[in-house]
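# can't give you the sequence, but here's the structure:
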Ligand SMILES: Cc1cc2nc3c(=O)[nH]c(=O)nc-3n(C[C@H](O)[C@H](O)[C@H](O)COP(=O)(O)OP(=O)(O)OC[C@H]3O[C@@H](n4cnc5c(N)ncnc54)[C@H](O)[C@@H]3O)c2cc1C
């Protein structure tokens, strides 16, 4: 939006400026000024974003994939401290895998906790169970049977 190039080709300050500009454009839609430069007190770029020189920025963040049966160990958005709410992909949600959808759902759950804790009368954010497309069911059943038999994924078996 500002520099006309992908994030991996930007410097850290350029990434900050791109993200901030996008946030302002989305949040200030319809003529309202919800966010302006006085709101930016500081910023932080994950140190896993590395800047080889020369070359483009690389993301060294390892990809977390939840393991089967681990949902029970994930915390709720509402924890035991009355003024602390969690909004992150590791929160227990309908979306049983760490991904953008889970992070989004966790954020909606945290917003609802804030609304409840502050006595707000605003409508709560919607929550809905994850729906998996029905056409994937037969393929999942094949996976389940092969896994139970100790066989590799069918694309790896040849
Ligand atoms: C390599 C990789 C590939 C992925 N591919 C996909 C995909 O294809 N589809 C998908 O849906 N999901 C994918 N994911 C998962 C998805 O990116 C995450 O689930 C999602 O971004 C988590 O959102 P979040 O808000 O919980 O956390 P994050 O996006 O990690 O946000 C946390 C933020 O907090 C900042 N932060 C940390 N400490 C501090 C501090 N002390 N002060 C200030 N800020 C701090 C971090 O810099 C970060 O910006 C992938 C993840 C990785 C790592």
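Structure received. Since the model is a prediction, treat every value here as computed from it, not as a measurement.
# What lies in contact with the helix or strand bottoming out on mean pLDDT in the chain?
Sorted by mean pLDDT, DSSP states H and E, the helices and strands of the chain end with strand 58-59, the least confident at a mean of 88. With contacts defined as Cβ atoms under 8 Å, 6 or more residues apart in numbering, strand 58-59 is touched by 8, 48, 49, 50, 52. Where C-beta positions appear, they are placed from N, C-alpha and C, glycine not excepted.
# List the residues that contact the last one.
Taking Cβ under 8 Å, 6+ apart as the definition of contact, the neighbours of residue 52 are residue 58.
# what about it, distance to residue 59?
Residue 52 sits 12 Å away from residue 59, going by Cβ to Cβ, to the nearest Å.
# One more: the first one?
Plainly put, residue 8 is 8 Å away from residue 59 if you go by Cβ to Cβ.
# that older thread, now the buried members of the contacts of strand 58-59.
residue 49 (16 or more other Cβ atoms under 10 Å).
# where's the longest helix anywhere in the chain relative to the chain centroid, distance-wise?
The single longest helix within the chain, with elements called by DSSP state H, is helix 100-117. Relative to its chain's centre, helix 100-117 lies at 11 Å (Cα atoms, centre = their mean, to the nearest Å).
# and if you look at stretch 41-50?
Remark: stretch 41-50 is offset 17 Å from the chain centroid, using Cα atoms, centre = their mean.
# And the contacts of stretch 116-133?
With Cβ under 8 Å, 6+ apart as the test, stretch 116-133 has contacts from 82-83, 85, 94-96, 101, 105, 108-109, 111-112, 114-115.
# Let me know the distance separating the closest residue to residue 50 other than its chain neighbours from residue 67.
Excluding its sequence neighbours, the residue lying closest to residue 50 (Cβ to Cβ, 6 or more residues apart in numbering) is residue 58, at 5.1 Å. Residue 58 sits 26 Å away from residue 67, going by Cβ to Cβ.
# In terms of neighbours, single out the busier of those two.
Neighbour count, other Cβ atoms under 10 Å: between residue 58 and residue 67, residue 58 has more, with 12 against 8.
# how much space is there between that one and residue 40?
In terms of Cβ to Cβ, residue 58 sits 26 Å off from residue 40.
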